[in-house]
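Chemist: turn this into a model:
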Amino acid sequence: MISIEQQPKYKLVPSGERIMFTVYEPLVTSTYNFKYRAEIHISNQVSGLVKIATVKATPNVKGKGIFDFSPIIDSYVSPDYEGGIVKTGSSNYSNTNTTPYNVQYHDIHRVDGYATNKNSVRYFKIIFTMEYSATSQVGTVVHYNSPTESSNYLVYNGVLNETDVLNKGTGSSDIGYNLGYYNFILNSTSSKFLSNGPTIQYVRDYDYLTLGFFQAYNDDFIVGSSGTTNPTLHKLKIQFYYNGSATGSLLQVECVGSQGGYRAVVTESETKLQFAGVGPANIRGAGLTVPANWDYYVVYANDDTTATISTDYKFYKQEDDCRGFETIRLTWLNKFGVWDYYNFTKKSSRVFSKKSINYEQQDGTWNEDIFSVRGYKGGTRNFTSKVTERINVNTDYITSEEALWLEELFISTDVFILEKSSTDEIDEGQIRKYVTPVTLDTESHTRLTSSNDKLIQYTFSITKSIKRKTQKR
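Modeler: Got it, this is the predicted structure:
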């Protein structure tokens, strides 16, 4: 029977990292044309895993079959751009301005309360079999009589940096990245949401912002404190402050279906990674009261025992630049497959470039009783134009921690301009109003530090991905 000699150390694995399995079957030494076969099964539910591919490996010189499944599995997870149904078969949806997604479409950034993932996480397992010939004269026979199944794994749309330290257990060949050790599982006052961003950030009074987190996970890592009977994030607490004192009521946002979230441990992958809307605009959208005057607010998470299971996140109120510079808020997909946000408050410039398609138009009239000259006819004319808008954005002076964080913006493949909330909504909701896709044109990025460079300020060049339209002639 095939034995699995190496596999991911943890059941929660990033899709962008190698997903390595090594297997061995002693028959490899006494048969012909031997190959290891691996069936990849994947789904959003453990009970519904479906075979999506079969791959083969020829034994190496040690007789082992070594597989890397990440190129295939990675294509089955992707970013979450919108809200939606809480989980398969549910009657609950994420909300924006207290209106559910099935009534009014909304981007993931504008959720009230919570939203579960739809594409970021999937379950998978591998079933190993073999094929071989008993003699050199007999054709190949595929043997399914004794398959070996791996455990069920949870893959998320994440990547690791080359500097992220991998853990290899004593006496084991298994390798993995310990999310719990680096505090990315919510279970203590040192735990962080899924971001390398600083725990002190800046938002305007009507900005949107979400925090991503693993939820309802109780395998290698446990969400919640040690005393919890339901290992999940139970609620978020939000407190505003003004002039050094608490102002307004302590806001408590429960992670429940009516709020777009889910806090029971079930086997649907949609519940395993969730987004919490914690920007001032998200808080107002949920019908909660933001004080008229505030300097900053604090966000932290509780489990079902009321124990605090995250560090405090402080969001300081940020005003647009007093010199009238336009604030441009960018959001980008970070290494964990969720969203980070940053306001560029200093001078920005917009450059428009045009590429025209021209044609030569005949002058005069040729289909009337007589030829006549017309002033608007003739000469080289534009048939259509493609107009591209490029924006150069600048940070204020920032800390070394913020500078390191913004390197993830530089390498991200998904970047958007995110507009702040406004009150001119109509019944059907707004599409194309809040989110604009852009590409980052900056081709090189120099890491600056306060010790070497004193004051740190960055400039990024972005181009709107959707070209401006002109009329065709």
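
Chemist: domain-wise, how is the chain divided?
Modeler: 3-78+121-176, 95-118+180-317, 342-464 (automatic domain parsing).

Chemist: so where do the helices sit in the stretch 251-400 of the chain?
Modeler: Under the criterion DSSP state H, counting those that start in this stretch, the stretch 251-400 of the chain contains helices at 280-285, 400-411.

Chemist: so what does the last one touch, helix or strand wise?
Modeler: This points to helix 400-411. strand 328-333, strand 339-344 (3 or more CB pairs under 8 Å, 6 or more residues apart in numbering; DSSP states H and E). Heads up, the C-betas are built off the backbone N, CA and C, glycines and all.

Chemist: as TSV, these with mean neighbour count, mean pLDDT and distance to residue 191 would be great.
Modeler: Formatted as TSV, these follow (neighbours: other CB atoms under 10 Å; pLDDT from 0 to 100; distance: least, CB to CB, whole Å):
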stretch	mean neighbour count	mean pLDDT	distance to residue 191
strand 328-333	22	94	22
strand 339-344	24	94	17
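
Chemist: how about these, which one is nearest residue 194?
Modeler: With CB to CB, the closest approach to residue 194 among the helices and strands packed on helix 400-411 belongs to strand 339-344: 9.4 Å.

Chemist: and the closest one, what does it pack onto?
Modeler: Under the contact rule (3+ CB pairs under 8 Å, 6+ apart), strand 339-344 is packed against strand 200-203, strand 328-333, helix 400-411.

Chemist: looking at those, which is closest to residue 126?
Modeler: Taking the helices and strands packed on strand 339-344 one by one with CB to CB, strand 328-333 is closest: 27.3 Å.

Chemist: partners of the closest one, with directions?
Modeler: Strand 328-333 has the following strand partners under DSSP bridges: strand 339-344 (antiparallel), strand 415-418 (antiparallel).

Chemist: make a markdown table out of those strands and add distance to residue 119.
Modeler: Putting the strands paired with strand 328-333 into a markdown table (distance: least, CB to CB, whole Å) gives the following:
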| stretch | distance to residue 119 |
| --- | --- |
| strand 339-344 | 13 |
| strand 415-418 | 16 |
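
Chemist: sorry, back to before: out of the domains of the chain, which one sits most buried?
Modeler: Ranked by mean neighbour count, the domains of the chain are led by domain 95-118+180-317 with a mean of 20 (mean count of other CB atoms under 10 Å).

Chemist: now do the end-to-end distance for that one.
Modeler: End-to-end distance for domain 95-118+180-317: 25 Å, by CA to CA, to the nearest Å.

Chemist: what's the mean pLDDT across it?
Modeler: Confidence for domain 95-118+180-317, expressed as mean pLDDT, is 95.

Chemist: kindly report the same for stretch 396-405.
Modeler: 84.

Chemist: equivalent analysis for stretch 439-459, please.
Modeler: Here the average pLDDT along stretch 439-459 is 69.

Chemist: do you know which of the helices of the stretch 251-400 of the chain lies nearest residue 164?
Modeler: Of those, the one closest to residue 164 (CB to CB) turns out to be helix 400-411, at 12.8 Å.

Chemist: what's the angle between the closest one and strand 339-344?
Modeler: With axes from the mean of the first three to the mean of the last three CA atoms, to 10 degrees applied, the angle from helix 400-411 to strand 339-344 works out at 110 degrees.
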